[in-house]
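Asks: 3D, please:
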Amino acid sequence: MSGQLSYPYSPPLYLEGQRAAAGPGSYSAESFVNPLLQQISTLTVAGTATDGVYSVTFAQTNDPSFVPVTISTTRAGGAPATNALIATALSVAINASNPMLGIAASVDGGAGVLTLTFKTSGLAWTLTTAAPAPGTLVGALTQSPAGAVVRVGAWGRHTAAASAADVLVPFTTAATIAEMMGCVERTFGLVNDPTSAFDYYRAGSRPSLVRSGIMAMKVWETVTEFSTPSIWIDPADATAFPGQMGTTVTGGKSIDASTKCRYRTRTSAGSIALVEIFFGA
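Replies: Model (predicted):
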């Protein structure tokens with residue numbers, strides 16, 4: 001009896017982050033935390049310094065039952081004289097408030113700008129401001145507490161500074177090959193979001209990074225088995241996504257990854273290549 005040699009459908013292709021096979025003699029992986037973050041916001045006093053009340057109200061968006069906290073400072077008779085001094089007075093009021101002790105700390109950066117670091121990771125806060133016109137008080141979000149998603153099939157980055165917390169950190173143009181910890185593996189717990197171009201792990205999860213094995217990874221340019229493997233590190237340049245593989249090495253954009261992996265297949269730009277990762281656990 002002969003075996004079946006043809007099928008009415010194409011065989012399945014590898015998906016990003018899928019483990020194709022173990023590497024030479026081994027498969028190893030290590031999990032890292034994709035952390036939730038502390039919200040960071042700024043308050044900026046601007047416009048013309050004007051007598052009246054400058055206030056900010058803090059509301060907790062995760063808990064509708066939370067009673068909002070309002071902090072204010074008053075300019076009267078021309079004092080405080082400048083926007084910078086008004087901001088300083090507001091910063092002192094925030095840090096002296098008992099309700100604010102468990103919410104956020106203010107740092108006066110000078111020139112009328114305060115930086116607020118909220119104390120509980122993952123909690124989102126809204127800031128509602130008021131100021132006497134033509135003076136202004138404006139709040140802005142500089143770091144979301146939601147954290148960042150980690151893309152399946154990309155390299156994950158972990159720095160020496162973050163080693164105690166065992167966390168993944170965002171890519172920057174200063175990233176080095178020593179900080180590349182392996183390929184983010186496709187396992188249970190990932191988010192398959194139909195509105196997203198890729199699968200990912202949410203902040204607060206603990207994805208597994210393969211450090212020895214053969215992985216399916218998308219490349220941003222054509223590669224062969226003989227290409228020098230490289231990893232894209234620039235999050236501001238849309239040529240590739242951070243942690244994506246290619247072959248071009250460009251300072252501040254991509255780094256040589258030949259000490260940690262090699263290509264096992266050839267493929268075109270935007271397709272899946274099989275990458276052997278071999279630097280151990």
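
Asks: please make it C-alpha for all contacts and neighbour counts, starting now.
Replies: Noted.

Asks: which strands and helices sit next to the strand ranked longest in the chain?
Replies: Longest strand in the chain, counting residues (DSSP state E): strand 208-218. Contact here means 3 or more C-alpha pairs under 8 Å, 6 or more residues apart in numbering; DSSP states H and E; on that basis strand 208-218 packs against strand 19-21, strand 28-31, strand 180-184, strand 272-278.

Asks: make it 10 Å
Replies: Judged by 3 or more C-alpha pairs under 10 Å, 6 or more residues apart in numbering; DSSP states H and E, strand 208-218 is in contact with strand 19-21, strand 28-31, strand 155-157, strand 180-184, strand 245-246, strand 261-263, strand 272-278.

Asks: can you put the ones you listed in CSV and add mean pLDDT and mean neighbour count?
Replies: Output for these, formatted as CSV (pLDDT from 0 to 100; neighbours: other C-alpha atoms under 10 Å):
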stretch, mean pLDDT, mean neighbour count
strand 19-21, 82, 17
strand 28-31, 88, 17
strand 155-157, 96, 26
strand 180-184, 95, 28
strand 245-246, 98, 29
strand 261-263, 96, 22
strand 272-278, 94, 25
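
Asks: quick one: closest of those strands to residue 135.
Replies: strand 155-157 (43.8 Å; C-alpha to C-alpha).

Asks: in terms of secondary structure, what does the closest one contact?
Replies: Judged by 3+ C-alpha pairs under 10 Å, 6+ apart, strand 155-157 is in contact with strand 180-184, strand 208-218.

Asks: make CSV from those and add distance to residue 262 to it.
Replies: As requested, the helices and strands packed on strand 155-157 are exported to CSV (distance: least, C-alpha to C-alpha, whole Å):
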stretch, distance to residue 262
strand 180-184, 13
strand 208-218, 9
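
Asks: got the domain boundaries for this structure?
Replies: 19-35+148-278, 40-143 (automatic domain parsing).

Asks: which residues does the residue nearest in space to the middle of the chain contact?
Replies: In the chain, the centroid-proximal residue (C-alpha atoms, centre = their mean) is residue 148; its distance is 3.4 Å. Taking C-alpha atoms under 10 Å, 6 or more residues apart in numbering, we find residue 148 in contact with 34-37, 168-170, 200-204.

Asks: can you tell me how far it is from residue 106?
Replies: 24 Å (C-alpha to C-alpha, to the nearest Å).

Asks: same thing with residue 100?
Replies: According to C-alpha to C-alpha, residue 100 stands 10 Å off from residue 106.

Asks: now do the shared contacts for the two.
Replies: In contact with both residue 100 and residue 106: 93-94, 118, using C-alpha under 10 Å, 6+ apart.

Asks: out of those, which are inside strands?
Replies: Filtering these for strands - DSSP E - leaves residue 118.

Asks: could the shared contacts of residue 100 and residue 106 be laid out in CSV, adding distance to residue 188?
Replies: As requested, the shared contacts of residue 100 and residue 106 are exported to CSV (distance: C-alpha to C-alpha, whole Å):
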residue, distance to residue 188
93, 47
94, 43
118, 32
